[in-house]
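Undergrad: quick one, what's the 3D model for this:
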Amino acid sequence: MSRVAKQLPGRPATLEDLLAIPEEVRRHEIIDGELIEKGAATGEHGGAQADLVTALNHRFGRRPGGRWPGGWWFATEVEISFAPGQVYRPDVVGWRRERAPQRPTGVPIALLPDWICEILSTNRRNDLIKKKRVYHRCQIPHYWIIDPAEDTLAVHRWGPDGYIEILAAQRGELVRAEPFDAVALHVGVLFGDDEPEE
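TA: From the prediction side, this is the model:
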């Protein structure tokens, strides 16, 4: 899987450059003014992404009330404008419904999410450094990093001096991970394990 970075002659990439790529083949981000194509997801990456969305959406992707907490909108691989020269496609994002009464829309989406999860693969350096810095500058309250190669979950909370890692967990553990700590999460579910019967 290769990542293609395209430095435009004499200028940083713009939103117009990004949107000029046909939607059916647009898997690009603008990171620090560079137009970067995200690598195709591995089976492990895609599986973790699907399993995460399934686990969270079941309990939180609804209006509040009832058996599960609810209160969130979730999306995968949507383009979000974080700042000029920074348009990303996070793996999974979530908005609290109390702040976003309607599902955020648009290309790119302008409303910053309340939670972001990146799943490490070919673009791990961007997820761990460049994008993480921008997420912090934009005060994204919660940032999760899932590593399918290591079967781990790292949960970060925004702080004025940087993200604070508040939870590091691995397959086999049962955790309460902010901001979804109202319900326990079996970490192995993110890596293909069956969830124990409720």
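Undergrad: checking H156 next. Helix, strand or coil?
TA: Following DSSP: H, G, I helix; E, B strand; the rest coil, we place H156 in the strand state.
Undergrad: and the closest residue to it other than its chain neighbours, what does it touch?
TA: Once flanking residues are discounted, H156 sits nearest to Y163: 3.8 Å by C-beta to C-beta, 6 or more residues apart in numbering. For glycine as for every other residue, the C-beta is placed from the backbone atoms N, C-alpha and C. Contacts for Y163 (C-beta atoms under 8 Å, 6 or more residues apart in numbering) come out as 132, 135-136, 143, 156-157.
Undergrad: which of these tops the neighbour count?
TA: In terms of neighbours by other C-beta atoms under 10 Å, those top out with Y135 at 25 neighbours.
Undergrad: got phi/psi on that one?
TA: Torsion angles at Y135 (phi, psi; degrees, to the nearest 10) stand at phi -60, psi -40.
Undergrad: H58 now?
TA: Backbone torsions for H58, taken as degrees, to the nearest 10, come to phi -60, psi -40.
Undergrad: what's the burial count for the residue lying closest to it once chain neighbours are set aside?
TA: Excluding the flanking residues, the one nearest H58 by C-beta to C-beta, 6+ apart is W68, at 7.2 Å. W68: 14 surrounding residues under other C-beta under 10 Å.
Undergrad: how near is W68 to L185?
TA: According to C-beta to C-beta, to the nearest Å, W68 and L185 sit 13 Å apart.
Undergrad: and if you look at A110?
TA: Per C-beta to C-beta, A110 is found 30 Å from L185.
Undergrad: for this protein, what helix or strand is lowest in average pLDDT?
TA: strand 4-6 (a mean of 50; mean pLDDT, DSSP states H and E).
Undergrad: isn't F74 right up against R59?
TA: No. Counting by C-beta atoms under 8 Å, F74 does not reach R59; the two are 10.9 Å apart.
Undergrad: do a quick rundown of the helices in this protein.
TA: Assigned helices in the chain, in chain order: 15-19, 43-60, 124-125, 131-137 (criterion: DSSP state H).
Undergrad: any idea which of those helices scores lowest on pLDDT?
TA: Least confidently modelled of those is helix 124-125, at a mean of 86 by mean pLDDT.
Undergrad: returning to what we had before: and Q86, which of the helices of the chain is closest to it?
TA: helix 131-137 (5.2 Å; C-beta to C-beta).
Undergrad: helices or strands up against that closest one?
TA: Contact here means 3 or more C-beta pairs under 8 Å, 6 or more residues apart in numbering; DSSP states H and E; on that basis helix 131-137 packs against strand 80-83, strand 86-88, strand 142-147.
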